[in-house]
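Engineer: next comes the sequence, and after it the predicted model I'd like to discuss.
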Amino acid sequence: MTSLAEPFTDPFLQRALVAGVLVALAAAVVGTFVVLRGLAFIGDALAHGVLPGIAVALLAGGPGMAGALVGAGVMIGGVTLVTRSSRLSGDTAIGLLFVGMLSLGVVIVSRSASFTGDLTRILFGDVLGIGWDDIQLQAVVTLAVLGIAAVFARPFLLLCIDAESATVAGFRASRYHALMLALIAVTVVVSFQAVGTLLVFGMLVAPPATAALFAHRAGTMMVIAGVIGAVSVWAGLALSYAYDLAAGASIVLVQVAVFFAALTASTVVERRVPAGAAS
Amino acid sequence: MSDAVRAEGVAVGWDGRAVVEGITLSVAPGTTLAIVGTNGSGKSTFLRTLVGLQPPLGGTLEVLGDAPGAQPARVAYVGQFHPQGFVLPLRVRDVVAMGRFPRLGLLGRPGPGDRAMVEEALGRMDILPLARRALRELSGGQRQRAYVAQALAQRADLLVLDEPASGLDPAARELLTRALDDERARGAAVIHSTHDVREAMLADQALLMAGRVVAVGPPARAVSREAVIATFGLVLGDLPDGTPIALDPGHAHGHHDPHDHHH
């Protein structure tokens, strides 16, 4: 264990650990709704839809986070517009915007002199290059995400059953659906610097999906996802330090590996204890 | 006391196209209305309109003296289709407790009274032993009991239930009948749909639908042999009391048309 703790004596790895854990906590809460509502595709699309916004911001020398927020807004607005003004399904609308925004982002980045470096940084993050300023903002946003999820837990939970349950109970489904998308967008935007736009999606889906295998309540699912996410950040950083691997990708790879290990374990348990035997 | 539901020449439907027109009826507090018809007859569309899930296309419709959907805390609804729930991490008690959400709103803390109503609802549908079980571990009939218990826990002034007996075994149907009787006895209006004419005979009023209003009124008058033929297309026989027995062709094998509530 000493060898795994050793890298965290370096300040840049300490910052990476704190930033990664903050991302893991926000992603655990928001990702629980993503998994329960089957919003993985829009989550993925948001993670990529922010690319052109970040690219423009970086080329113009502005803050990448502001560009990402604009990109997320365009993505959500575009999906809503296409779904409403055509008979196409939400999936098709998301797919169209997804490839469109991703291509636009790559085209814009290709105008940059350091094309490959910039693209890699946006897609896979730069968790080791994070400063305390970034962490402060992340902490504020993570707290806000947790607070909003707590306040709106009831309509969010009803939405996980279906939109009609929320509407009939007096919570306007479209309003809370938009709020949920905004939470996903904000989580993606504040996370992209730490783990990159491509990998923030892994953070949103893998730990909550693992938790869903075992949890019987949404709150429990969030706690399990948070613990898995945080431990994965620590393990991924330690592995990347020990074996000189890409930090962000190592973190997500650990999370996905944990999911498959948990899936195997739950399958074995279910075979030993047939459904219905346990009460 | 004013009516729980008052409808005058109401038209209901989808995308501006009427499925049923000319629904005129009133349901008083403490009474029941059973809506009888085949799949696609417009039952679900009318019920969904009552709870504000879709707007009426014409006529005047008042629910508890207000527009449909305006008083969510006073109206409990059990729809026909529930999510399969294989990923939903919900225990049965949590599902039933959701019945208190409309009264509690966003931040209201459930008190001892709320918890007591949840326990009582679990008991009335005989699912107390399942209270700690995950919803996804239950059979379809057990889940249906949980959703009915959710509606009971709401202590609503109007209960709107779309085929609440579907998927229930005879014992659970008996529990449902008793529970709805109790709701009526405490003064709530109960509106439910069914494929079974015999269930409609137990209600204070019956509404027979077949893409139009076939008959409405006290069952002894509304459920005539002619009305049942117009509703179902055939009558298989009569019970000793003269009630015609019908078999809904679309429902003969317990088959649910997933598009029933659409067009």
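Structural biologist: Now that the structure is in, tell me what you want to look at.
Engineer: I'd like to know how far the spatially closest residue to residue A:86 that is not a sequence neighbour sits from residue A:137.
Structural biologist: Nearest residue to residue A:86 in three dimensions, chain neighbours excluded: residue A:93, at 7.6 Å (Cβ to Cβ, 6 or more residues apart in numbering or on different chains). In this view, the C-beta of every residue, glycine as well, is placed from N, C-alpha and C. Applying Cβ to Cβ, to the nearest Å, one obtains 31 Å for the distance of residue A:93 from residue A:137.
Engineer: so these two - more neighbours on which side?
Structural biologist: Between residue A:93 and residue A:137, counted using other Cβ atoms under 10 Å in any protein chain shown, residue A:93 has the larger neighbour count: 21 against 14.
Engineer: got a list of what that one touches?
Structural biologist: A:78-79, A:82-83, A:86 (Cβ atoms under 8 Å, 6 or more residues apart in numbering or on different chains).
Engineer: in chain B, which residue sits nearest chain A?
Structural biologist: residue B:72 (3.1 Å; Cβ to the nearest Cβ).
Engineer: list the buried residues for stretch B:215-233?
Structural biologist: Buried residues in stretch B:215-233, counted by 16 or more other Cβ atoms under 10 Å in any protein chain shown: B:215-216, B:219, B:222-224, B:227-228, B:231-232.
Engineer: distance between it and the chain's centre?
Structural biologist: 19 Å (Cα atoms, centre = their mean, to the nearest Å).
Engineer: end-to-end on it?
Structural biologist: Using Cα to Cα, to the nearest Å, the end-to-end distance of stretch B:215-233 comes out at 14 Å.
Engineer: same question for stretch A:166-175.
Structural biologist: 10 Å.
Engineer: pull out the buried residues from it.
Structural biologist: A:166-171, A:173.
Engineer: determine which two of those are furthest apart.
Structural biologist: A:170 and A:173 (10.6 Å; Cβ to Cβ).
Engineer: so how far is chain B from residue A:46?
Structural biologist: Separation of residue A:46 from chain B (Cβ to the nearest Cβ, to the nearest Å) stands at 21 Å.
Engineer: so who does that residue touch?
Structural biologist: A:72, A:75-76, A:181, A:184-185, A:188.
Engineer: and it, what's its pLDDT?
Structural biologist: You'll see residue A:46 listed with a pLDDT of 87.
Engineer: ok, residue B:51 next?
Structural biologist: 96.
Engineer: burial count for it?
Structural biologist: 23.
Engineer: equivalent analysis for the one 4 residues further on, please.
Structural biologist: For residue B:55, the number of neighbouring residues by other Cβ under 10 Å comes to 14.
Engineer: give me the element it is part of.
Structural biologist: Element membership for residue B:55, per DSSP states H and E: none, as it lies in no helix or strand.
Engineer: against residue A:103, how distant is it?
Structural biologist: 41 Å.
Engineer: same check, this time on residue A:225
Structural biologist: The value you get for residue A:225 to residue A:103, if Cβ to Cβ is used, is 32 Å.
Engineer: in the stretch 1-150 of chain A, what residue is nearest chain B?
Structural biologist: Counting by Cβ to the nearest Cβ, the stretch 1-150 of chain A gets nearest chain B through residue A:36, at 6.3 Å.
Engineer: please name the residues that touch the residue lying closest to that residue once chain neighbours are set aside.
Structural biologist: For residue A:36, ignoring the flanking residues on the chain, the nearest one in space by Cβ to Cβ, 6+ apart is residue A:160 at 4.2 Å. For residue A:160, the contacting residues are A:33, A:36-37, A:218, B:88, by Cβ under 8 Å, 6+ apart.
Engineer: tell me where the stretch 151-263 of chain B has strands.
Structural biologist: Assigned by DSSP state E, counting those that start in this stretch, the stretch 151-263 of chain B shows strands spanning B:158-161, B:189-194, B:205-209, B:213-217, B:237-238, B:244-245.
Engineer: run a quick neighbour tally on residue A:155.
Structural biologist: Residue A:155 has 25 nearby residues by other Cβ under 10 Å.
Engineer: chain center to the longest helix that chain A contains, what's the gap?
Structural biologist: Longest among the helix segments of chain A by residue count, using DSSP state H, is helix A:173-212. Per Cα atoms, centre = their mean, the displacement of helix A:173-212 from the mean C-alpha position of its chain is 3 Å.
Engineer: which residues sit in contact with residue 157?
Structural biologist: Picked chain A for this. Counting by Cβ under 8 Å, 6+ apart, residue A:157 has contacts A:218, B:98.
Engineer: oops, I was thinking of chain B
Structural biologist: Taking Cβ under 8 Å, 6+ apart, one finds B:4, B:29, B:64, B:74-75, B:187-189 in contact with residue B:157.
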